[in-house]
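> Make a model of this:
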Amino acid sequence: MSDAGVAAQLFRIAEEAVRNAGRHAQAQLVQVMLETRGDTIVLEVHDDGRGLGPEAPEEDRMGLRIMSNRAAFIGGTLAIRSELGRGTRVVCELPRLSTS
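Numbering: from 1, shown residues only. Sure thing, here's the model as predicted:
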């Protein structure tokens, strides 16, 4: 996949995570970070919202599945870390494309 294709998927993952933070978590603060760590590209979206609970309706989890599918499509992984009342962190990691 091209750099532009990877960038588009990362943008869509970040967009969905930010939308979820506002729509479902009542977050007041959302932080988005994109960086390289060695040979890995890391996208993190962290919010201070109410967190995900096991009682969340299935339709509220659709965005999480879509983000996970997008990450897999570009050869990455997606992890969701959340604590009730303490926010949610969405982390997408993928290997950097070789420039040689």
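
> Every contact and neighbour count from this point should use C-alpha atoms.
Noted.

> Could you list the low-confidence segments of this protein?
Counting by pLDDT under 70, the chain shows low-confidence ranges at 53-60, 98-100.

> In terms of helices and strands, where is the residue nearest the centre of the chain?
Residue closest to the average C-alpha location in the chain (C-alpha atoms, centre = their mean): Val90, at 3.9 Å. For Val90, the host element (DSSP states H and E) is strand 87-95.

> gap between that strand and the chain center?
Its chain's average C-alpha position is 5 Å from that of strand 87-95, according to C-alpha atoms, centre = their mean, to the nearest Å.

> send the alpha carbons of it over as CSV?
C-alpha atoms of strand 87-95 as CSV (Å, rounded to 0.1, in the frame of the first residue of the first chain):
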residue,chain,number,x,y,z
GLY,A,87,-11.0,7.4,29.7
THR,A,88,-10.0,5.4,26.7
ARG,A,89,-6.7,5.0,24.8
VAL,A,90,-6.8,3.7,21.2
VAL,A,91,-3.3,2.6,20.0
CYS,A,92,-2.6,1.6,16.4
GLU,A,93,0.9,0.3,15.6
LEU,A,94,2.3,-0.7,12.2
PRO,A,95,5.7,-1.3,10.8
